[in-house]
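Chemist: Structure of the sequence below:
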Amino acid sequence: MLESTLGDRAKTLLTASGRSDVPPFMVMDVMAAAARIEAAGGHVIHMEVGQPAAPAPRTALAAARAALGDGRIDYTSALGIPSLRGRIARHYRDTYGCAVDPERIVVTTGSSGGFILAFLAMFEPGDRVAVTVPGYPPYRHILTALGCEPVLIETSSETRHALTGEALLAAHRKTPLKGVLVGSPANPTGTMMSREALTSLMAAAESAGIRFISDEIYHGLDYAFPAVSAAELSPQALVINSFSKYFCMTGWRVGWMVVPEPLVRPIERLQQNLSISVPTLSQIAAEAAFEGRDEMEAIKHGYQENRRILIDGLPKAGLARFLPADGAFYLYADVSPFTSDSFEFASRMLEKAHVAATPGVDFDPVHGRAFVRFSYARSADEMREAVARIARWLG
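Modeler: Predicted structure coming up:
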């Protein structure tokens, strides 16, 4: 009897919290399925994960090796190594013509760490925060885990799948919003916002007292026109960026935020308690990565060629409808002529054609069953082979 009672108590103690009950990030499940095929000897073309195939810049790798040679890797300031914060501020001056005080720069554990810090500093449990669909799933999932309510606003082809001020204020009038998060270039659509569109959206948010977060992780990977930073337009916007995408440093887990001045100290306190500091070796490499821009631009040109291959080739393979691919390295394709279940479509494509892509239900619980996201961050030869495999499979 005693053992039974203790066993029941143990089960109760090990019950997961309600806030942990968030959906999985489905792309990770696709990666696992692809790995099983590869373990059995199959050759999978990976278009499911938003990860550059290229390594970090040589300048970053050299700096990391030198730091390891010195032996000691200590904690840093919770806000980040001062020289890295200064170099990021210089990046805003050089790239956007925008003066940003280095004191407003916070180095983070990738953009993911930035989202957690930003949400904790800006919102209370129960606050409603607008995000667009289709959109990056962890926006919604992190907000939910922190007790906030993500408010999904659908986008349409009329606005090139970008959020407008009118749509934001319409959602705010229904039930007040505390914040809004937008990404440009966006994941999964590749859509970018023009200067005029971003200015109008930010003005609408400010007029209604809605706090503005700009996800700029794909800045640098712009093809249709130069990306605009929210840091150029308002000191009240909170900007999140990362070394993961343009600088090919996903596994280094280092990013940054440009923070409104009143939030610097609160975010510093949070970082002190949540992680003490961002990994030092990654910060050292990140600072040196800025000197590898020529190398990164060559990789970007490769993405442009991959984009061309897919835009030209997928319609011939049977996938003729996709959203604007202005930037990033994604193409969001409409598969509704073939299926009403994008998860099932992606599973069959992986099994039959050995091409891995991410089902749209990961990005859009409303209309995602009609879409699949292809990442074109790998080689041109792989993109050509992927198009040929899909054509044979759908043929």
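
Chemist: give the contact list for V366.
Modeler: Applying C-beta atoms under 8 Å, 6 or more residues apart in numbering to V366 gives the contacts 133, 152, 154. Any C-beta I mention is one placed from the backbone N, CA and C, and that applies to glycine too.

Chemist: of the residues you listed, buried ones?
Modeler: Buried members of the contacts of V366, scored by 16 or more other C-beta atoms under 10 Å, are 133, 152.

Chemist: Show residues contacting the longest helix anywhere in the chain.
Modeler: Assignment by DSSP state H gives helix 293-317 as the longest helix of the chain. Residues outside helix 293-317 that contact it (C-beta under 8 Å, 6+ apart): 52, 54, 57-59, 220-221, 223, 246-248, 289, 320, 322, 325, 329, 331, 333, 374, 376-380, 383-384, 387-388, 390-391, 394.

Chemist: Can you tell me which of the residues you listed end up in strands?
Modeler: The members of these that map onto strands under DSSP state E are 331, 333, 374.

Chemist: ranking those residues by neighbours, who comes first?
Modeler: Within those, most neighbours by other C-beta atoms under 10 Å means F374, with 27 neighbours.

Chemist: give me the beta-bridge partners of it?
Modeler: Beta-bridge partners for F374, by DSSP bridges, are L331.

Chemist: Check the gap between it and L152 for me.
Modeler: F374 is 23 Å from L152, where distance means C-beta to C-beta, to the nearest Å.

Chemist: re the thing from before, list buried residues within the contacts of helix 293-317.
Modeler: Listed as buried from the contacts of helix 293-317 are 52, 54, 57, 59, 220-221, 223, 246-248, 289, 322, 325, 329, 331, 333, 374, 376-378, 383, 387, 390-391; burial here means 16+ other C-beta under 10 Å.

Chemist: As a check, name the ranges of all strands in the chain.
Modeler: Under the criterion DSSP E, the chain carries strands at the ranges 45-46, 105-108, 128-133, 149-154, 179-183, 211-215, 238-242, 255-258, 330-334, 355-356, 358-359, 371-375.

Chemist: Report pLDDT for the closest residue in space to L198 that isn't next to it in sequence.
Modeler: Excluding its sequence neighbours, the residue lying closest to L198 (C-beta to C-beta, 6 or more residues apart in numbering) is V228, at 5.4 Å. On the pLDDT scale, V228 is placed at 97.

Chemist: picking that back up, could you tell me the average pLDDT over the longest helix of the chain, please?
Modeler: When pLDDT is averaged along helix 293-317, the result is 97.

Chemist: and the angle for that helix with strand 371-375?
Modeler: 140 degrees (axes from the mean of the first three to the mean of the last three C-alpha atoms, to 10 degrees).

Chemist: Next, the buried residues of helix 293-317.
Modeler: 293, 295-296, 299-300, 302-303, 306-307, 309-310, 313-314, 317.

Chemist: picking that back up, close enough to count as contact, the residue nearest to L198 and S200?
Modeler: No - V228 is beyond contact range of S200, at 11.9 Å (criterion: C-beta atoms under 8 Å).

Chemist: of these two, who's got more company?
Modeler: V228 (22 against 16).

Chemist: Okay, now the unreliable bits of this structure?
Modeler: 1-13 (pLDDT under 70).

Chemist: In terms of distance to P359, which of the contacts of V366 ranks first?
Modeler: V133 (14.1 Å; C-beta to C-beta).

Chemist: which residues pair with the closest one across the strands?
Modeler: For V133, the beta-bridge partners under DSSP bridges are E154.

Chemist: Outline the domain layout of the chain.
Modeler: When the chain is parsed with automatic domain parsing, its domains come out as 12-55+294-394, 58-291.

Chemist: Of the ones you listed, flag the one that's most buried.
Modeler: With neighbours defined as mean count of other C-beta atoms under 10 Å, these peak in mean count at domain 58-291, which reaches a mean of 19.

Chemist: From the opening residue of it to its closing one, how far?
Modeler: Taking C-alpha to C-alpha, to the nearest Å, the first and last residues of domain 58-291 lie 9 Å apart.

Chemist: from the chain's centre, how far out does it sit?
Modeler: With C-alpha atoms, centre = their mean, to the nearest Å as the basis, domain 58-291 stands 9 Å off its chain's centre.

Chemist: any idea how far D326 is from E232?
Modeler: Distance of D326 to E232, given as C-beta to C-beta: 18 Å.

Chemist: brain fart, G395
Modeler: G395 sits 48 Å away from E232, taking C-beta to C-beta as the criterion.

Chemist: Repeat that for A380.
Modeler: A380 is 34 Å from E232, where distance means C-beta to C-beta.

Chemist: what comes into contact with stretch 174-184?
Modeler: With C-beta under 8 Å, 6+ apart as the test, stretch 174-184 has contacts from 122-124, 127-132, 135-136, 139, 151, 162-163, 168, 171, 191-193, 198, 201, 205, 208, 210-218, 227-228, 327.

Chemist: Mind doing that once more with 6 Å?
Modeler: 122-123, 127-131, 139, 163, 168, 192-193, 205, 210-213, 215 (C-beta atoms under 6 Å, 6 or more residues apart in numbering).

Chemist: do the same with stretch 211-219
Modeler: Applying C-beta under 6 Å, 6+ apart, the set of residues contacting stretch 211-219 from outside is 111, 118, 122, 179-181, 183, 185, 202, 205, 227, 229-230, 237-242, 245, 327-328.
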